[in-house]
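>>> Task: produce atomic coordinates for the following.
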Amino acid sequence: MTDIERHKQIVREHFDLVGRGQYMECLKDFASDAEWWVIGTGVHGGSHSMQDLIEAYSGPVPNYFPDGNPVTLVNLIAEGDWVVAQGHSANVTTTGIGAPYRNEYVWMFKIVDGKVRIFREYFDTLHAEEKIFGRTLI
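Residues are numbered from 1 along each chain as shown. Predicted coordinates:
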């Protein structure tokens, strides 16, 4: 298996576990010093440490998506150490507040020596604020 094939496999496994609500297990291939970055200025926007990601996946995220957040991956593009994944919530997921949630995403993973070093998330933060937290911002 080439490095690029292995990198794509790591990303697929990550989202399979997220979809089943196995949030801590989905971090199994992340480096202990990985950087997590989320677009926007909302609740999770900006740059964060791996410890922040662990805390999010062990507390708030299971509350946001108690049954998991199944994702349909549309594209996986890999070159060198990077994998870019484009996807969307599979069908309609129900959030912890009972709201229907369907978001579009782009994720970027930098994988070095079999470990995710950088994890970047791009998605509709307004939709997330409304459906996860019940806040209408407009």
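>>> Can you tell me which residue is spatially central in the chain?
residue 121 (6.4 Å; CA atoms, centre = their mean).
>>> my read: that one touches residue 109, true?
No: judged on CB atoms under 8 Å, residue 121 makes no contact with residue 109 at a distance of 10.2 Å. C-betas here are computed from N, CA, C, even on glycine.
>>> Excluding residues flanking it in the chain, which one is nearest the residue nearest to the centre of the chain?
residue 38 (4.8 Å; CB to CB, 6 or more residues apart in numbering).
>>> who does the least confident helix or strand in the chain by mean pLDDT pair up with?
The helix or strand of the chain with the poorest confidence is strand 93-94; it has a mean of 84 (mean pLDDT, DSSP states H and E). Sheet pairing for strand 93-94, assigned by DSSP bridges, gives strand 100-101 (antiparallel).
>>> Please state the offset of whichever helix or strand comes after the strand it pairs with from the chain centre?
Downstream of strand 100-101, the next assigned helix or strand under DSSP states H and E is strand 104-112. Relative to its chain's centre, strand 104-112 lies at 8 Å (CA atoms, centre = their mean, to the nearest Å).
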